[in-house]
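A.B. asks: Structure for this input, please:
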Amino acid sequence: MKKVLLMLLGLSFVVHADSEIPDAAVNVQQPAVQALEWQVLAPIINEQDVRLPDVTESQKRLLATVIQFQDSAKPLDQESVSKARQHLSDEGIDVDTALDARARYMSLAQRKAESLNTQVNGKQVSMSGFVVPTKFNGVKATEFLLLPYAGACIHMPPPAANQIVKLSFAAGFEVENVQFPVTVVGTINAEKQTELVQLVDGKMNVTMGYAMEALTIEKYYADEFSNPVTGSDQQGSLDHKGHAH
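C.D. replies: Take a look at the predicted model:
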């Protein structure tokens, strides 16, 4: 009888121990992937907007003359500046005040463009957008600019730095068309850097506010396409399938 009891106790222990294994396995959680919207990458700067003076197109051209030639040592350039200043003064425009407002306006615009959200650092996120390849390994690209709308950085100036993500994907991804959106999953960090990148229409200095190491890049195909940021139609409407805007 004692032997039977010992065998039953042993069997009970084995069964109990085995039942604990699934619970332990359940507790091992993978990092949660967060859907990230482009707007989150551009934190609001609480500064008063700079108001530029109201000027006509001809006055803008005169101000441009002052800006372009005011530091020139050539007598003819200085004469042009003097005439432009006098003409503007006659029309009631304070040139120095206007140039100061312009400088403050541009400084604020740059701070807004380069303000970064460090709270996203190290997070694994999912983003939808458009990729422009900048580095290739054969037919596949391994580095890209991830952008909020199609056509950015191609025949037009780049978006604000906080709307450009430098994307790296060692496995490579074949970009069939820069007009087609993709969904990217990876780890993002606020990391401003300026690089001379090779684009389809030549080299360009681009300031990128963020960097992401991609785990996956998936084509975001549907029968019709739209901008995943604004929702505006490119060729109709796009089924977002729950991806980030």
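
A.B. asks: Could you give me the buried positions within stretch 62-75?
C.D. replies: Leu62, Leu63, Thr65, Val66, Phe69, Gln70 (16 or more other CB atoms under 10 Å). Bear in mind the C-beta positions are built from the backbone N, C-alpha and C, glycine included.

A.B. asks: and Ile141, what helix or strand is that in?
C.D. replies: Actually, residue 141 is Ala rather than Ile. Using DSSP states H and E, Ala141 maps to strand 140-147.

A.B. asks: what mean pLDDT does that strand have?
C.D. replies: What strand 140-147 shows for mean pLDDT is 96.

A.B. asks: thinking again about what came up before, ok, of the buried residues of stretch 62-75, which one's closest to Thr118?
C.D. replies: Of all the buried residues of stretch 62-75, Thr118 sits closest to Leu63, with 37.6 Å by CB to CB.

A.B. asks: Tell me both backbone torsions, phi and psi, for the closest one.
C.D. replies: phi -60, psi -40 (degrees, to the nearest 10).

A.B. asks: Spit out the contact partners of the residue nearest to it when sequence neighbours are not counted.
C.D. replies: Leaving aside its sequence neighbours, Leu63 sits nearest to Ala98 (CB to CB, 6 or more residues apart in numbering; 6.1 Å). Counting by CB atoms under 8 Å, 6 or more residues apart in numbering, Ala98 touches Leu52, Pro53, Val55, Leu63, Leu88.

A.B. asks: rewinding a little: export the buried residues of stretch 62-75 to JSON lines and tack on secondary structure and pLDDT?
C.D. replies: Formatted as JSON lines, those follow (DSSP: H, G, I helix; E, B strand; the rest coil; pLDDT from 0 to 100):
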{"residue": "Leu62", "secondary structure": "helix", "pLDDT": "97"}
{"residue": "Leu63", "secondary structure": "helix", "pLDDT": "97"}
{"residue": "Thr65", "secondary structure": "helix", "pLDDT": "97"}
{"residue": "Val66", "secondary structure": "helix", "pLDDT": "97"}
{"residue": "Phe69", "secondary structure": "helix", "pLDDT": "97"}
{"residue": "Gln70", "secondary structure": "coil", "pLDDT": "96"}
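
A.B. asks: Tell me the one among those nearest to Arg102.
C.D. replies: For the buried residues of stretch 62-75, the nearest to Arg102 is Leu63 (7.8 Å; CB to CB).

A.B. asks: wait, isn't the closest one in contact with Val95?
C.D. replies: Yes. Using CB atoms under 8 Å, Leu63 is in contact with Val95, at 7.1 Å.

A.B. asks: any idea how far Ala170 is from Asp96?
C.D. replies: Counting by CB to CB, to the nearest Å, the gap from Asp96 to Ala170 is 54 Å.

A.B. asks: Next: Phe130.
C.D. replies: Taking CB to CB, one finds Phe130 at 21 Å from Ala170.

A.B. asks: Likewise for Lys83?
C.D. replies: 59 Å.

A.B. asks: ok, the two, which is more surrounded?
C.D. replies: A count of neighbours by other CB atoms under 10 Å puts Lys83 above the other of Lys83 and Ala170, at 13 against 9.

A.B. asks: how about that one, secondary structure?
C.D. replies: With DSSP: H, G, I helix; E, B strand; the rest coil as the basis, Lys83 sits in helix.

A.B. asks: Asp100 versus that one, what's the distance?
C.D. replies: To Asp100, Lys83 is 21 Å away according to CB to CB.

A.B. asks: Out of the helices and strands in the protein, which is least certain?
C.D. replies: Ranking every helix and strand in the chain by mean pLDDT, DSSP states H and E puts helix 2-26 at the bottom, with a mean of 44.

A.B. asks: next helix or strand past that one?
C.D. replies: Counting by DSSP H and E, what follows helix 2-26 is strand 34-35.
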